[in-house]
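Q: Next input, structure requested:
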Amino acid sequence: MKLLHTSDLHLGRQFNGISLEEDHAAVLDQIVEAVKANGVDALIIAGDVFDRASPPQSSVRQFNGFLQRVKTETNAAVALIAGNHDSGDRIDLSAIAADRSRWLIRGAISSEETPLLLSDQHGLVAISALPFAYEYAARECFENEAIDTPEDVLVAQVAAASAKIPEGARWIIVAHAFVTGGSVSESERSLTRVGGIETVRTSAFDRAHYVALGHLHRPQSVGADHIRYSGSPLAFGFDEADSEKSMSLIEMDAAGEVTIETLPITPVRRARVLRGRHAELLHSDPSGDFIKAELTDDAPVIDGMKRLREVFPNACELVYVRNERPLEVKSADGQAITAAEPADVVWNFLSEVGLEGITEVEQDLVASSLARLRQKEDAE
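A: As a prediction, the model looks like this:
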């Protein structure tokens, strides 16, 4: 059985105010082509289809067109769930025209966790699609006031799903959660509304042969190879500039053991961090990538971002490396001191902003100003 696992599309999202519609279109094309090229039996989308509960209509049309392509151009089954960014009711609407024998689309939580049953030459494969839900919704659904954490929610969902798995079937769980040990990015939203513990232990999935997770944006396995995040297909922040985006191609054998291959995703525009002097960056090769410029210049550059955008039209951030270095005050022998004299702090600040050659008159002005402040404090 071959599965293609992806998640966290976040259709409708912007990158620092720049539309990602073109970028998402390229990603959806690559997913369809990967399904066709690899003879995939089931496509799994583990939540956060949209970036918000009320996405723009252009994103809804984009996703509906994608589902139509999967339906008409491939023979793949589909397992799709709502994530914490999605409206469960909107995701459920996508199931209206679905082939119920081949597609399992789950938006709202339910105590009836009926799996999608597929078969290959080795027998049955059952896919349980467990949509994200907050604790209050799970308490009502399962009539259990003891549900108090995201882990409690998933444990209840998994128990309900387990009861419907045919004996001897290999079991796949699709879920949207923060599993303990996962590596996070800056662009993920907390799964708890009023603080609390949002992580879920891997033991919640003990019986499953593969767990297709969504929520964390970096591709990774957690706790065991078969408990995996595919990661988001696009970078949504500069902290992900070092992250290679991919889809997870899963092949499951007769015993339920899985082998995992990552299929790289080629984005239209990457998130990149460039460091150097402003003049050096202006001589770089032009690019439409999203750029964060970390300037090593000693003094601010006039119209720095405006001039940078002549080479990088999607430059989003400009920072000076010198501003990110913590100020350190040292004594005359070079040793750090714990309590700095006010005058030393002033000299250090002036040096940091590039004003090292101050005159004696300026030194006297600083000294006299500090003396007046001391006198005022003593008088009070």
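
Q: now the helices: where do they sit in the stretch 101-250 of the chain?
A: Using DSSP state H, counting those that start in this stretch, the helices found in the stretch 101-250 of the chain span residues 135-142, 150-162.

Q: Buried deepest among these, which one?
A: Ranked by mean neighbour count, the helices of the stretch 101-250 of the chain are led by helix 150-162 with a mean of 22 (mean count of other Cβ atoms under 10 Å). Just so you know, the C-beta spots here come from the backbone N, C-alpha and C atoms, and that holds for glycine as well.

Q: starting at the chain centroid, how far to it?
A: 24 Å (Cα atoms, centre = their mean, to the nearest Å).

Q: That one versus helix 135-142: what angle between them?
A: Counting by axes from the mean of the first three to the mean of the last three Cα atoms, to 10 degrees, helix 150-162 lies at 30 degrees to helix 135-142.

Q: Give me the helices and strands touching whichever strand or helix holds Leu263, please.
A: For Leu263, the host element (DSSP states H and E) is strand 258-264. In terms of contacts (3 or more Cβ pairs under 8 Å, 6 or more residues apart in numbering; DSSP states H and E), strand 258-264 is packed against strand 224-229, strand 246-252.

Q: would you list the helices of the stretch 101-250 of the chain in a markdown table and tack on mean pLDDT and distance to Gln14?
A: What follows is the helices of the stretch 101-250 of the chain, written out as a markdown table (pLDDT from 0 to 100; distance: least, Cβ to Cβ, whole Å):
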| stretch | mean pLDDT | distance to Gln14 |
| --- | --- | --- |
| helix 135-142 | 96 | 29 |
| helix 150-162 | 97 | 27 |
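
Q: mind putting those helices in TSV, distance to Gly123 included?
A: Compiled in TSV, the helices of the stretch 101-250 of the chain are given as follows (distance: least, Cβ to Cβ, whole Å):
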stretch	distance to Gly123
helix 135-142	30
helix 150-162	18
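
Q: List the residues that contact the most centrally placed residue in the chain.
A: Closest residue to the average C-alpha location of the chain: His217 at 3.1 Å, with Cα atoms, centre = their mean. By Cβ atoms under 8 Å, 6 or more residues apart in numbering, the contact set of His217 is Asp8, Val184, Ser185, Ser187, Glu188, Gly231, Ser232, Ala235, Phe236, Glu240, Ser243.

Q: And those residues, which is closest to Phe15?
A: Phe236 (6.6 Å; Cβ to Cβ).

Q: Contact partners for that closest one?
A: Applying Cβ under 8 Å, 6+ apart, we find Phe236 in contact with His10, Arg13, Phe15, Ser185, Ser187, His217.

Q: make it 10 Å
A: 8, 10, 13-16, 20, 51, 185-188, 217, 271, 290 (Cβ atoms under 10 Å, 6 or more residues apart in numbering).

Q: Please identify the one among those that lies nearest to His85.
A: Asp51 (5.6 Å).

Q: From what I see, that closest one and Ser59 are in contact.
A: Yes: counting by Cβ atoms under 10 Å, Ser59 is a contact partner of Asp51 at 7.8 Å.

Q: what do those two both touch?
A: Leu9, His10, Leu11, Gly12, Arg13, Leu20.

Q: Which ones among the residues you listed map onto helices?
A: Assigned to helices by DSSP state H, none of those qualify.

Q: closest to Arg277 among those residues?
A: Distances from Arg277 to the shared contacts of Asp51 and Ser59, taken by Cβ to Cβ, are shortest for Leu20, at 30.4 Å.

Q: Could you tell me the model confidence score at Asn323?
A: Asn323 carries a pLDDT value of 65.

Q: Let me fix that, I meant to ask about Leu191.
A: Value listed for Leu191 in the pLDDT field: 72.

Q: Can you give me the distance of it to Val179?
A: The spacing between Leu191 and Val179, counted by Cβ to Cβ, to the nearest Å, is 11 Å.

Q: what's the answer for Phe238, then?
A: The value you get for Phe238 to Val179, if Cβ to Cβ is used, is 25 Å.

Q: Which one's more surrounded, the two?
A: Neighbour count, other Cβ atoms under 10 Å: between Phe238 and Val179, Val179 has more, with 25 against 20.

Q: Now do the contacts for the closest residue to that one other than its chain neighbours.
A: Leaving aside its chain neighbours, Val179 sits nearest to Val222 (4.7 Å; criterion: Cβ to Cβ, 6 or more residues apart in numbering). Contacts for Val222 (Cβ under 10 Å, 6+ apart) come out as 178-183, 200, 202, 211, 213, 216, 228-229.

Q: Could you point out which residue ranges in the stretch 251-380 of the chain have low pLDDT?
A: In the predicted model, the stretch 251-380 of the chain carries pLDDT under 70 at residues 323-368, 370-372, 374-380.

Q: Recalculate using a threshold of 90.
A: The model of the stretch 251-380 of the chain has pLDDT under 90 over residues 298-300, 322-380.

Q: can you give me the strands in it?
A: 258-264, 271-276, 290-295, 315-320 (DSSP state E, counting those that start in this stretch).

Q: Can you tell me how far Asp23 is from Ala82?
A: Distance, Asp23 to Ala82, by Cβ to Cβ: 22 Å.
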